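Student: everything below, folded, please.
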Amino acid sequence: MTTSSAPTNIRLITNKMCPYAQKAWIALEASDTPFQLEEIPLYGTNGKPEWFRKLNPAGTVPVFVANDGDLIIPDSDLILDAFEDDSNLGSIPLFNSENQSQIQQWRSTVNKNLIPIGKNSVLSGRSMSNELQKVLEELNAMVVGPYLAGNLITTADCHAFPFLWRLNDEYRLDDYPSLQQWLNKCSKEQAFSKTIQSSWWWWWW
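Tutor: Numbering: from 1, shown residues only. Model (predicted):
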């Protein structure tokens, strides 16, 4: 997505306990983008309202809506893509060409490895799996510092934080010092801390 002018009247339709929605929320906060957050229920008798299903027939959160409904992005990865593609979105950039390869490596590794392997490890009900340990070792070595891809917050940080934060809460990641330092730093940043919920979901529900 590339626009000739900054999107207006931005709404993020979300549920605060969802990690996919959380990464889009972090991006909006970290980029200092003016927006309105609208939370909807996802389950039960007061589940997803009909107006929401018209925006996103798949029924998933988050959904980014701008320009009075003329711009709709119904997927968290596509929302982060928009921050990489459109320099008019937000006043603080979350992407630059110098660390493009690191950012893309982080996003790809989280999607392809961390999420499915982390899911299997947690659902097993046992201690951390060997497969997850290997993924975390790989990610720990990838941390540039102080943020994942360098000195500034990027879409890589927005993308990874919800999942690594949950894994840290489940297992404690003390054996992965670079990841732990990064988590500690991000948790003190308002863009991240205000999205942390006392009650939350894993990512496959």
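
Student: by residue count, tell me the biggest helix in this protein.
Tutor: helix 155-171 (DSSP state H).

Student: can you give me the neighbour number for Lys194?
Tutor: If you count neighbours by other C-beta atoms under 10 Å, Lys194 ends up with 10. The C-beta positions use only the backbone N, C-alpha and C, and glycine is treated the same way.

Student: which of the three states applies to the residue lying closest to it once chain neighbours are set aside?
Tutor: Residue nearest to Lys194 in three dimensions, not counting chain neighbours: Glu29, with 6.6 Å by C-beta to C-beta, 6 or more residues apart in numbering. When classified by DSSP: H, G, I helix; E, B strand; the rest coil, Glu29 comes out as helix.

Student: counting contacts, what elements does the longest helix of the chain pack onto?
Tutor: For helix 155-171, the elements it packs on are helix 19-30, helix 76-85, helix 100-109, helix 115-123, helix 130-142, helix 177-188, judged by 3 or more C-beta pairs under 8 Å, 6 or more residues apart in numbering; DSSP states H and E.

Student: hang on, the earlier thing: how near is the residue nearest to Lys194 to Ser91?
Tutor: According to C-beta to C-beta, to the nearest Å, Glu29 stands 12 Å off from Ser91.

Student: Leu80 too?
Tutor: Distance, Leu80 to Ser91, using C-beta to C-beta: 17 Å.

Student: more neighbours, those two?
Tutor: Between Leu80 and Ser91, Leu80 has the larger neighbour count (other C-beta under 10 Å), namely 24 against 10.

Student: for that one, which residues are in contact?
Tutor: 23-24, 27, 107, 155, 158-159 (C-beta atoms under 8 Å, 6 or more residues apart in numbering).

Student: which non-adjacent residue is nearest it?
Tutor: Thr155 (4.6 Å).

Student: the one you found: how many residues sit nearby?
Tutor: As a burial measure, Thr155 scores 28 neighbours (other C-beta under 10 Å).

Student: may I ask you to confirm that it is in contact with Gln102?
Tutor: No - using C-beta atoms under 8 Å, Thr155 is not in contact with Gln102, being 10.8 Å away.

Student: just give me the residue right at the centre of the protein.
Tutor: Lys23 (1.9 Å; C-alpha atoms, centre = their mean).

Student: residue contacts, that residue?
Tutor: 76, 80, 158-159, 161-162.

Student: surely Leu114 meets Leu139?
Tutor: Yes - using C-beta under 8 Å, Leu114 makes contact with Leu139 at a distance of 6.9 Å.

Student: which residues are common contacts for those two?
Tutor: In contact with both Leu114 and Leu139: 160, 164, using C-beta under 8 Å, 6+ apart.

Student: show me what contacts the residue nearest to Leu80?
Tutor: Contacts of Thr155 (C-beta under 8 Å, 6+ apart): 27, 80, 83-84, 94-95, 103, 107.

Student: 6 Å instead?
Tutor: 80, 83-84, 94-95, 103 (C-beta atoms under 6 Å, 6 or more residues apart in numbering).

Student: show me where pLDDT drops low in this protein?
Tutor: Residue ranges of the chain with pLDDT under 70: 1-4, 44-46, 200-205.
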